[in-house]
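Engineer: Give me coordinates for this.
(chains A and B)
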Amino acid sequence: DAKTTQPPSMDCAEGRAANLPCNHSTISGNEYVYWYRQIHSQGPQYIIHGLKNNETNEMASLIITEDRKSSTLILPHATLRDTAVYYCIVRVVSYNTDKLIFGTGTRLQVFP
Amino acid sequence: GAVVSQHPSRVICKSGTSVKIECRSLDFQATTMFWYRQFPKQSLMLMATSNEGSKATYEQGVEKDKFLINHASLTLSTLTVTSAHPEDSSFYICSAKWTSGRVGDTQYFGPGTRLTVL
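Structural biologist: Below is the predicted model:
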């Protein structure tokens, strides 16, 4: 089962920041949080990942709370091309497995 | 970034035939490849994990004799849907990862293959 919960949908005006929340209250100490997005009928695109510290790259910023029970993906200046389903995923790692379990994601609609 | 390709992008076949889908890592060597399936308006479901040179590990409920996976090299994995039926129609997506180097151990996904079984 997915270890994350996300709102099913969000809207954002073009040019504004999109803040996508994610709850992962059962995350373990060594489990990473990954974010991917999927544009209709395409494969998921990697965005960013983190463990404890906030992370930033050319696509987005990831803010992880101190207790690691939740995180927020920030798209600083959303464009129409950012319209997609965004998946927050806790990477499950054990001695014989390493996999991503996708939840239902958040459908982000960026409007003009 | 790391690039993963799939071939074909879409395929239509008759019920009872077998279909092979290829997944290639183009600019890195993939020690592990994953196969997912996605039905309309649903999320991705992991089907199996394959490590180069060894047998694939299937998720619960996935028939290993129906979905044959081969990962014979560090850049190629194949999924064969045997005796396909209409209920196998879906979007099949692969991903690949390498455990060190430039791409770290992040999974990178292919563009997907749309299978329609008539």
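
Engineer: how many other residues sit next to the closest residue to A:Gln42 other than its chain neighbours?
Structural biologist: In this structure, A:Gln42 finds its nearest non-sequential neighbour in B:Pro111, 5.8 Å apart by C-beta to C-beta, 6 or more residues apart in numbering or on different chains. Where you see a C-beta, it was placed from the backbone N, CA and C, and this is true even at glycine. A count of neighbours around B:Pro111, defined by other C-beta atoms under 10 Å in any protein chain shown, yields 15.

Engineer: cool, and B:Ser54?
Structural biologist: If you count neighbours by other C-beta under 10 Å, B:Ser54 ends up with 8.

Engineer: how about it, secondary structure?
Structural biologist: B:Ser54 falls in the coil class when you classify it by DSSP: H, G, I helix; E, B strand; the rest coil.

Engineer: Excluding covalently adjacent residues, which one is nearest to it?
Structural biologist: B:His71 (7.7 Å).

Engineer: helix/strand/coil for that neighbour?
Structural biologist: Secondary structure, three-state DSSP: B:His71 is strand.

Engineer: all strands for chain B, in order.
Structural biologist: Under the criterion DSSP state E, chain B carries strands at the ranges B:4-7, B:10-13, B:19-25, B:32-38, B:45-51, B:57-58, B:67-73, B:76-81, B:90-97, B:108-109, B:113-117.

Engineer: Wondering if the second one reaches chain A at all.
Structural biologist: No - Strand B:10-13 stays clear of chain A (C-beta under 8 Å from any C-beta of the partner chain), getting no nearer than 9.7 Å.

Engineer: picking that back up, could I get the strands of chain B as CSV with mean neighbour count and mean pLDDT?
Structural biologist: Output for the strands of chain B, formatted as CSV (neighbours: other C-beta atoms under 10 Å in any protein chain shown; pLDDT from 0 to 100):
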stretch, mean neighbour count, mean pLDDT
strand B:4-7, 18, 96
strand B:10-13, 14, 97
strand B:19-25, 21, 96
strand B:32-38, 24, 95
strand B:45-51, 20, 93
strand B:57-58, 17, 94
strand B:67-73, 18, 91
strand B:76-81, 22, 96
strand B:90-97, 25, 96
strand B:108-109, 24, 94
strand B:113-117, 18, 97
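
Engineer: Tabulate those strands (TSV), appending distance to A:Ala84.
Structural biologist: Below are the strands of chain B laid out as TSV (distance: least, C-beta to C-beta, whole Å):
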stretch	distance to A:Ala84
strand B:4-7	18
strand B:10-13	21
strand B:19-25	22
strand B:32-38	14
strand B:45-51	19
strand B:57-58	29
strand B:67-73	28
strand B:76-81	25
strand B:90-97	15
strand B:108-109	13
strand B:113-117	18
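
Engineer: what bits of chain A have low per-residue confidence?
Structural biologist: Scanning chain A with the threshold set as pLDDT under 70 gives A:1-2.

Engineer: Can you name the residues of it that neighbour chain B?
Structural biologist: By the rule C-beta under 8 Å from any C-beta, the part of chain A lying against chain B is A:2, A:34, A:36, A:38, A:41-46, A:49, A:87, A:97-105.

Engineer: For ChimeraX, write the selection for the buried entries among the residues you listed.
Structural biologist: To isolate in ChimeraX the members of the residues of chain A next to chain B that are buried, counting by 16 or more other C-beta atoms under 10 Å in any protein chain shown, one can use:
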select /A:2,34,36,38,43,44,46,49,87,98,99,100,101,102,103,104,105
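
Engineer: Point out the residues in chain B that sit beside chain A.
Structural biologist: So chain B meets chain A at B:1, B:4, B:6, B:32, B:34, B:36, B:43-46, B:49, B:57, B:91, B:93, B:95, B:105-112, B:114 (C-beta under 8 Å from any C-beta).

Engineer: Cool, thanks, signing off.
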